[in-house]
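> Structure of the sequence below:
(2 chains)
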Protein chains: 2
Amino acid sequence: MAAHRQPTIAAIGEFGFLRRLLPRLPAGPDVVLGPGDDCAVVRFGNRNVLVTTDALVEHVHFERSWMKPRQIGRKAYLVNASDIASMGGRPRFCVVATAAPADFPAADLEQIHRGLAQAAAETGARVVGGNLSRARELSLSVTLLGAAPRRPVRRSGARSGDLLFVTGTLGEAAAGLRRLQRDSAARGAFVRRFLEPRPRLRAGELLAAEGVASAMIDISDGLLQDLRHLCAASGVGAEVEAGAVPCPPRLGRRALGLALAGGEDYELLFTVRQRDLKRLATLHSRLGCRLTRIGRIVSKSAGLQVLDARANEMNIEELGFDHFARARG
Amino acid sequence: MAAHRQPTIAAIGEFGFLRRLLPRLPAGPDVVLGPGDDCAVVRFGNRNVLVTTDALVEHVHFERSWMKPRQIGRKAYLVNASDIASMGGRPRFCVVATAAPADFPAADLEQIHRGLAQAAAETGARVVGGNLSRARELSLSVTLLGAAPRRPVRRSGARSGDLLFVTGTLGEAAAGLRRLQRDSAARGAFVRRFLEPRPRLRAGELLAAEGVASAMIDISDGLLQDLRHLCAASGVGAEVEAGAVPCPPRLGRRALGLALAGGEDYELLFTVRQRDLKRLATLHSRLGCRLTRIGRIVSKSAGLQVLDARANEMNIEELGFDHFARARG
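Model (predicted):
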């Protein structure tokens, strides 16, 4: 039967599309982990290499009026570094495909690339190549290669009974984004959080090296959306205690919503087996960040629930930012 | 002194910008070859890995009306494979950052990715990951990782006295592009050449493995433009015999111009030491393509010259396609 209206990406959504497409890609030798996780893992000789790619697109992810060129470059790199962190890897080499309008100032483009190179250097990586195309809007597609840990932490390792943790605090970046959308000159701690993610590389690497995290993902699309990805990959459900979610009270009454569904946090969401809790406690001081237990993994049939202080299920409306399903700002 | 008008990318051009930017990127350990060649070479353990990235952007490199979605995906991959070929490497793994308008048909996007995955599989590589963003125009930024040969062939190895060769034939793809620009429904051999590059992977790999090519580059921006890159990297000049350039007579009186400056050929341009000519002749039948000697490398001071049948210097006007310096069709 012919469809009368062709489904668009907006109708299917980014995740829907990737879910539909990626499993159909043929696997092959030396592909340790194919599409569907934060990074792919491929093999060169006796080394496992992490590969991830992510784009920063003007008018979708940012406006030029919000940030300095250097910050655009930094952010384009850092969101990729966060994907390396979530597998427990170490950033090594990156390339960037840049597209820019013909009338874009060369000096600004240079600053973008300096920001990118500097952020890479700060995390131990190097920009080794690039490409420049003309386009109607500015975009940076960064591909980052990382050294994989002995056992990269996947999204798929969570089991019922595991406990659920996040690093740092949630919701501030999303609050910063909303301020910028109202006033492109807005500044302050929330805006800084949005403009400059701090990928949890040290925490990710230690959690992987010590074998403490059973599953891990970075929070880019919002806690619930990324938890949903983790649950889907692991074939489990989850309970999140709303009162435990680390969102600063300064965010006001929107705090929980921003923390659950705002996105742009670039914190790590991970699960730990009960038997490994003591080892996590030992590790805590070396992770370089706050750690909060926010819930637990349950069976798949229980689904994904957010519980209030009386352990009653809350109504989840917003499930994270999907570029296509929800227009921004 | 402050500039009164900020230079734009259009004014500086893609190559000018990359030339200005890339040497400033900090080098680091395990970077065998940094930015500035067709691929970077990085080290993981005891393996050298080739990395290249290139984007295919709607309205800049193609129009949707010219080709089927599958062909868009194929081409996005194949132009990257050509960069791997020019270093003598073997394609292994690729990732793709796709940007598309929200109303883009999901079925078309699926076909694009199928075309890409199929082209990858045909050359022994696998698509291991991807990302999807919203954008105003369709673009595919592919990053391809390759297994490096023992000695990757660089642009910088040419010396005065080396002879200059190209694989295949030149000018047809550019003629095909011009036909499409006049009539998006145009078909035929030239159009096919433009729509579907045939990266010279076998030739590149053999030329590198046998140590026969002293310098190599793939021809994407036009013979003269890419020869200019090779000469600049090697610190040499070159003489091209116009009569020797392999351009099909069917191209008519524009043949030489299209072959010299049209671009989109994705053939290999390489240099060979005089002492290695016999080894090249022995190798020829295994390369899987036509091979033509088109000139020789001379000293840097002689510059880049095209000689007519009487060995007089011809006037070179067009020096290849630069996305920013020259607007297309």
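> need the helix or strand of chain A with the lowest average pLDDT.
When each helix and strand of chain A is scored by mean pLDDT, DSSP states H and E, helix A:14-21 comes last, with a mean of 66.
> pLDDT (mean, whole number) over stretch A:214-231?
Mean pLDDT, computed over stretch A:214-231, is 96.
> In the stretch 101-250 of chain A, what residue spans correspond to helices?
Secondary structure of the stretch 101-250 of chain A (DSSP state H, counting those that start in this stretch): helices located at A:106-122, A:172-182, A:189-195, A:201-209, A:223-234.
> Please report the distance of A:Val236 from chain B.
23 Å (C-beta to the nearest C-beta, to the nearest Å). Backbone N, C-alpha and C define where each C-beta goes, glycine included.
> Need the pLDDT of that residue.
98.
> Quick check: it touching A:Ser299?
Yes - with contact defined as C-beta atoms under 8 Å, A:Val236 and A:Ser299 form a contacting pair (6.7 Å).
> Touching both of the two, which residues are there?
Jointly contacting A:Val236 and A:Ser299 under the rule C-beta atoms under 8 Å, 6 or more residues apart in numbering or on different chains are A:Ser160.
> picking up where we left off before, could you redo the helices of the stretch 101-250 of chain A as TSV and give each row distance to B:His61 and mean neighbour count?
What follows is the helices of the stretch 101-250 of chain A, written out as TSV (distance: least, C-beta to C-beta, whole Å; neighbours: other C-beta atoms under 10 Å in any protein chain shown):
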stretch	distance to B:His61	mean neighbour count
helix A:106-122	19	21
helix A:172-182	32	21
helix A:189-195	32	20
helix A:201-209	35	22
helix A:223-234	33	22
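> Relative to chain B, which of the ones you listed is closest?
With C-beta to the nearest C-beta as the criterion, chain B lies closest to helix A:106-122 of those, at 4.8 Å.
> quick one, strands of chain A?
A:31-33, A:40-44, A:47-57, A:90-100, A:126-134, A:139-147, A:163-167, A:215-218, A:237-241, A:268-272, A:291-298, A:304-307 (DSSP state E).
> Quick one: closest of these to B:Ala311.
In terms of C-beta to C-beta, the element of the strands of chain A nearest to B:Ala311 is strand A:126-134, at 37.4 Å.
> Quick one: low-confidence residue ranges for chain A.
Across chain A, the ranges flagged by pLDDT under 70 are A:1-5, A:14-28, A:317-329.
> Next, name the residue at the spatial heart of it.
A:Ser220 (3.3 Å; C-alpha atoms, centre = their mean).
> Quick one: residues contacting that one.
A:Ser220 makes contacts with A:Val79, A:Ser82, A:Asp226, A:Gly263, A:Glu264, A:Asp265, A:Tyr266, as judged by C-beta under 8 Å, 6+ apart.
> could you redo the last one with a cut-off of 10 Å?
A:38, A:54, A:79, A:82-83, A:86, A:173, A:197, A:226, A:263-267, A:320-321 (C-beta atoms under 10 Å, 6 or more residues apart in numbering or on different chains).
> thinking again about what came up before, now the strands of chain A as JSON lines including mean neighbour count?
JSON lines is the format used below for these (neighbours: other C-beta atoms under 10 Å in any protein chain shown):
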{"stretch": "strand A:31-33", "mean neighbour count": "19"}
{"stretch": "strand A:40-44", "mean neighbour count": "23"}
{"stretch": "strand A:47-57", "mean neighbour count": "25"}
{"stretch": "strand A:90-100", "mean neighbour count": "27"}
{"stretch": "strand A:126-134", "mean neighbour count": "25"}
{"stretch": "strand A:139-147", "mean neighbour count": "29"}
{"stretch": "strand A:163-167", "mean neighbour count": "24"}
{"stretch": "strand A:215-218", "mean neighbour count": "26"}
{"stretch": "strand A:237-241", "mean neighbour count": "21"}
{"stretch": "strand A:268-272", "mean neighbour count": "28"}
{"stretch": "strand A:291-298", "mean neighbour count": "20"}
{"stretch": "strand A:304-307", "mean neighbour count": "19"}
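> now for the ones you listed, which one comes closest to B:Pro29?
strand A:126-134 (8.6 Å).
> Report the inter-axis angle for the closest one versus strand B:40-44.
Interaxial angle of strand A:126-134 relative to strand B:40-44 (axes from the mean of the first three to the mean of the last three C-alpha atoms, to 10 degrees): 150 degrees.
> so does strand A:126-134 get close to chain B?
Yes - Strand A:126-134 reaches chain B (C-beta under 10 Å from any C-beta of the partner chain) through A:Arg126, A:Val127, A:Val128, A:Gly129, A:Gly130, A:Asn131, A:Leu132, A:Ser133, A:Arg134.
> Count the neighbours of A:Pro246 for me.
Using other C-beta atoms under 10 Å in any protein chain shown, A:Pro246 is surrounded by 17 other residues.
> I meant A:Asp308, not that one.
Number of residues near A:Asp308 (other C-beta under 10 Å) recorded here: 12.
> Over to A:Asn315?
5.
> Now it. Its backbone dihedrals?
Backbone torsions for A:Asn315, taken as degrees, to the nearest 10, come to phi -80, psi 120.
> wait, isn't it in contact with A:Gly257?
No - if you go by C-beta atoms under 10 Å, A:Asn315 and A:Gly257 don't touch, sitting 11.5 Å apart.
> Can you add distance to A:Lys75 and give the strands of chain A back as CSV?
Compiled in CSV, these are given as follows (distance: least, C-beta to C-beta, whole Å):
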stretch, distance to A:Lys75
strand A:31-33, 26
strand A:40-44, 22
strand A:47-57, 6
strand A:90-100, 12
strand A:126-134, 15
strand A:139-147, 9
strand A:163-167, 19
strand A:215-218, 14
strand A:237-241, 27
strand A:268-272, 18
strand A:291-298, 25
strand A:304-307, 29
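> Quick one: closest of those strands to B:Pro105.
strand A:47-57 (19.7 Å).
> Surely A:Glu196 is in contact with A:Trp66?
No - counting by C-beta under 10 Å, A:Glu196 stays clear of A:Trp66, with 11.8 Å between them.
> Show me which of these two is the more surrounded one.
The neighbour count for A:Glu196 versus A:Trp66, taken as other C-beta under 10 Å, is higher for A:Trp66 (20 against 17).
> need the contact list for the more buried one.
A:72, A:176-177, A:179-181, A:183-186, A:191, A:194-195 are the contacts of A:Trp66 under C-beta under 10 Å, 6+ apart.
> centre of the chain versus stretch A:160-178, how much separation?
Distance of stretch A:160-178 from its chain centroid, counting by C-alpha atoms, centre = their mean, to the nearest Å, is 11 Å.
> and what of stretch A:190-198?
Here stretch A:190-198 shows a centroid-to-chain-centroid distance of 14 Å under the convention C-alpha atoms, centre = their mean.
> Contacts (any at all) between chain B and it?
No - figure legend: stretch A:190-198 not in contact with chain B (C-beta under 10 Å from any C-beta); closest approach 16.1 Å.
> Quick check: neighbours shared by A:Glu196 and A:Trp66?
Counting by C-beta under 10 Å, 6+ apart, the residues touching both A:Glu196 and A:Trp66 are A:Gly176.
> How far does stretch A:82-101 stretch from one end to the other?
Length of stretch A:82-101, first residue to last, C-alpha to C-alpha, to the nearest Å: 28 Å.
> Do it and chain B come into contact?
Yes - contact of stretch A:82-101 with chain B (C-beta under 10 Å from any C-beta) involves A:Asp83, A:Arg92, A:Phe93, A:Cys94, A:Val95, A:Val96, A:Ala97, A:Thr98, A:Ala99, A:Ala100, A:Pro101.
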